[in-house]
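Enquirer: Quick one: sequence plus predicted model below, questions after.
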Amino acid sequence: MNGAPVPTAPPPERGAASIVARGFQRYDGERSGVGGAIRSVAWQSIRATLGIGRAGRNKVFPVISVAISYIPAIVFIGIAVLVPSGITDGPTYAEYYGFITAAIVLFAALVAPEVLVSDRRNGMLALYLSTPLHRGTYLASKVLAVAATLGLVTLGPPILVLLGYTFDGSGPDGLRNWLVVLARIVLSGVAISAALTSISMAASCLTDRRAFAAIGVVLLVLASPILASALVDGAELSANWRLLDVFSMPFELVFRIFGERGNFPEVSTAAVVAVNAAWTAAGLAVVVWRYSRFVISR
Amino acid sequence: MTTIIETRDLVMQFPGTLALDRLDVTIPAGVTGLVGANGAGKTTLISLALGLLKPTTGSIRVLDLDPTTQGPELRAQIGYGPERNLLPDDLRAYDFVRHLAEVKGLPRDEARTRASDSLYLVGLGEERFRALGTMSTGQRQRVKLAQAIAADPRFIVLDEPTDGLDPVQRDEMLNIIVQINRSFGIDVMLSSHVLEEVERICDNVVALDEGRLVAQGSMVELAGASGGIELELVDVADRPTAIDDVVASIVAAGATVERAGFVLTVGGRADAELFDVAGAAVARAGARLRRLGQRRRTLDDLFIGAQGPGGEGDALPPLVDGTAT
């Protein structure tokens, strides 16, 4: 000790201390407006669909559907890594969708009813429409939610395959080719998501029962190939009647995006693109028409 | 005075039903009760104010904005507690309130803080992480109130906020609503078919009946003192004719009396004279007095008067802006 004074903090001035008030107060900060409302509703819908923040039973079906769609990707990557010679027999990126079609359709049948029907049944629709949202922006948030959730199974698995093949050294040659494949995967995922989003949302706005909506989507998707096949193969009508096949046409479009002829080479690419666009537009038109007629009074 | 809602010749026609008939309403700041029987048009007026419906004809302005063309801008400043008790059962109260605060534009961190603060304010601080499906009707009503105020609106609209509550819960809910207005300056419009609770907490009242305006104005104007006095007597076993004697004395003094059991409503002369007449009559008859005071008109009187015995409105003319017309 050298006897030098030890510096100390000055004593607090009288009145300098303050009690920080907790509890409800007025807010005069910034607000995010309609854009923020759309993002918030879309994100909440995605969370609800995937069972995030909900009871365990709500997570079962989404987890199973997502797992089914990713398992083939993991298997193919495993084969590529462990059995290099077998990779030549692996599916093309377009063919990969054939392994997960059921999971995608099942997921589509689940997602839109959860996103749309629930709001009408539990009173959230009236609450949402008492916020900066109106019917159009509300539906935009729902389309965003359904499409993004479907993207989990339409975009995720093929991208995983691409990444797996790339790290294994069996992916596309060169950056340019790699980017082209990635762009085709994204375009394919968006196209499938758009068509199925539209169809499942249309089914979901026609009933207040989630189960009925889901069954409606599955029946439509399963019945349409039978009808198309009966018309073309049974009644020997023009091959263009294949376009009624709601189940196959989105995936046929994927083949065309990858430059392959697909399962129905007798149908032109232009017709496949047009019918997918038509299904998407028709489904969304039904949704908009239906919601414009709902009387929301409380 | 700030005007919250103003309608002019507002008509809402549903197929086969005229929900609102040329409604001219001006609702000032404060706590306003929107009263009327079921089907009177209360919910329709609320829906129009929120921009959920478009009027058939006429105009409505809320916070000086047009709900039909400026809906998003308007609704960002309004909180709404719907009548229906449907809520997403598997969502926690906190998540529900936070989410709706975000939808109304609050940043995520602010929404989290204010969701908790709002739930504490309505008395659900300790219950905020419970799923809505496990909550009682009273708690769900409080959650609806919490989500209405969480984003700090200028004005909240509560549709039957005491529906399904027992008397104690109702008192607590009404006290919270008053606190929201008095402490935080948030204007409130609540619809109710229970006139007593509107009388108790509202500064202003708008009364509807079958889509038409029955009355509007401040509570003081509409349900304040009216002419006459009211006295309540006690039945005395050894004087079975005491009440009849009181009535006879009052009539003999030139006043009018309406008797309903043990309650006498006395009028026909100046209030100061009526107190003297009634006091003397009670003393003379040896009756026992339980209560004596100036007669007050209630919203019940207003409704009964406006509708009249046959519903024709012949007992009390409709009041508009607090003035008999």
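Expert: Perfect, I can see it now. Numbering: from 1, shown residues only, chains lettered A, B, ... in the order given.
Enquirer: contacts and neighbour counts: CA atoms only from here.
Expert: OK.
Enquirer: The closest residue to A:Leu231 other than its chain neighbours: how many residues sit nearby?
Expert: With sequence-adjacent residues excluded and distances taken as CA to CA, 6 or more residues apart in numbering or on different chains, A:Leu231 is closest to A:Leu237, at 5.8 Å. A:Leu237 is flanked by 14 other residues according to other CA atoms under 10 Å in any protein chain shown.
Enquirer: I'd say A:Gly151 and A:Ala194 touch.
Expert: No. Taking contacts as CA atoms under 8 Å, A:Gly151 lies outside contact range of A:Ala194: 9.5 Å.
Enquirer: Which of the two has more residues huddled nearby?
Expert: Using other CA under 10 Å, the more surrounded residue of A:Gly151 and A:Ala194 is A:Ala194, with 26 against 20.
Enquirer: Quick check, pLDDT for that one.
Expert: pLDDT recorded at A:Ala194 is 92.
Enquirer: Could you chop chain B up by domain?
Expert: Domain segmentation of chain B under automatic domain parsing yields B:3-222, B:226-296.
Enquirer: Just put these in a markdown table and tack on mean pLDDT and mean neighbour count.
Expert: Listed next are the domains of chain B as a markdown table, based on pLDDT from 0 to 100; neighbours: other CA atoms under 10 Å in any protein chain shown:
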| stretch | mean pLDDT | mean neighbour count |
| --- | --- | --- |
| domain B:3-222 | 91 | 21 |
| domain B:226-296 | 86 | 17 |
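Enquirer: who touches the most centrally placed residue in chain A in this structure?
Expert: Against the mean C-alpha coordinate of chain A, by CA atoms, centre = their mean, the closest residue is A:Leu150 at 2.1 Å. The contact partners of A:Leu150, by CA atoms under 8 Å, 6 or more residues apart in numbering or on different chains, come to A:Ile104, A:Phe107, A:Ala108, A:Val111, A:Ser193, A:Thr197.
Enquirer: again, 6 Å this time
Expert: With contact set as CA atoms under 6 Å, 6 or more residues apart in numbering or on different chains, A:Leu150 has these partners: A:Ser193.
Enquirer: Remind me which helix or strand it belongs to.
Expert: Assigned by DSSP states H and E, A:Leu150 belongs to helix A:135-154.
Enquirer: next helix or strand past that helix?
Expert: Following helix A:135-154 in sequence order, the next helix or strand is helix A:156-168 (DSSP H and E).
Enquirer: So for that following helix, what gets flagged as buried?
Expert: For helix A:156-168, a neighbour-count test (16 or more other CA atoms under 10 Å in any protein chain shown) marks A:Gly156, A:Pro157, A:Pro158, A:Ile159, A:Val161, A:Leu162, A:Leu163, A:Gly164, A:Tyr165 as buried.
Enquirer: Same question for stretch A:75-95.
Expert: Going by neighbour count (16+ other CA under 10 Å), the buried part of stretch A:75-95 is A:Phe76, A:Ile77, A:Ala80, A:Val81, A:Ile87, A:Tyr93, A:Ala94, A:Glu95.
Enquirer: where exactly do the helices run in the stretch 201-325 of chain B?
Expert: B:219-223, B:242-252, B:271-285, B:299-307 (DSSP state H, counting those that start in this stretch).
Enquirer: Which residues are in contact with residue 105?
Expert: Just going to use chain A. By CA under 6 Å, 6+ apart, A:Val105 has no neighbours at all.
Enquirer: that's the wrong chain, I wanted chain B
Expert: With contact set as CA under 6 Å, 6+ apart, B:Gly105 has these partners: A:Arg31, A:Ser32, A:Gly33.
Enquirer: One more pass at 10 Å, please.
Expert: Contacts for B:Gly105 (CA atoms under 10 Å, 6 or more residues apart in numbering or on different chains) come out as A:29-38, A:40, A:131-132, B:76, B:99, B:111, B:151.
Enquirer: just checking, which of those residues belong to strands?
Expert: Using DSSP state E, no member of the contacts of B:Gly105 sits in strands.
Enquirer: from those, which ones fall inside helices?
Expert: Among the contacts of B:Gly105, the ones falling in helices (DSSP state H) are A:Gly33, A:Val34, A:Gly35, A:Gly36, A:Ala37, A:Ile38, A:Ser40, B:His99, B:Ala111.
Enquirer: So which of these wins on neighbours?
Expert: Compared across the ones in helices among the contacts of B:Gly105, A:Ala37 has the highest neighbour count, 27 neighbours, by other CA under 10 Å.
Enquirer: Go ahead and confirm that residue touches A:Tyr138.
Expert: Yes. Using CA atoms under 10 Å, A:Ala37 makes contact with A:Tyr138 at a distance of 8.6 Å.
Enquirer: Any chance you could list residues touching both of the two?
Expert: What both A:Ala37 and A:Tyr138 touch, as defined by CA under 10 Å, 6+ apart, is the set A:Tyr128, A:Thr131, A:Pro132.
Enquirer: got the contact list for the spatially closest residue to B:Met219 that is not a sequence neighbour?
Expert: Nearest residue to B:Met219, sequence neighbours excluded (CA to CA, 6+ apart): B:Asn204, at 5.0 Å. Neighbour list for B:Asn204: B:27-34, B:189, B:198, B:216-222 [criterion: CA under 10 Å, 6+ apart].
Enquirer: B:Asn204 pairs with what?
Expert: B:Thr32, B:Ser218 (DSSP bridges).
Enquirer: Can you tell me how far it is from B:Val188?
Expert: With distances taken as CA to CA, to the nearest Å, B:Asn204 is found 10 Å from B:Val188.
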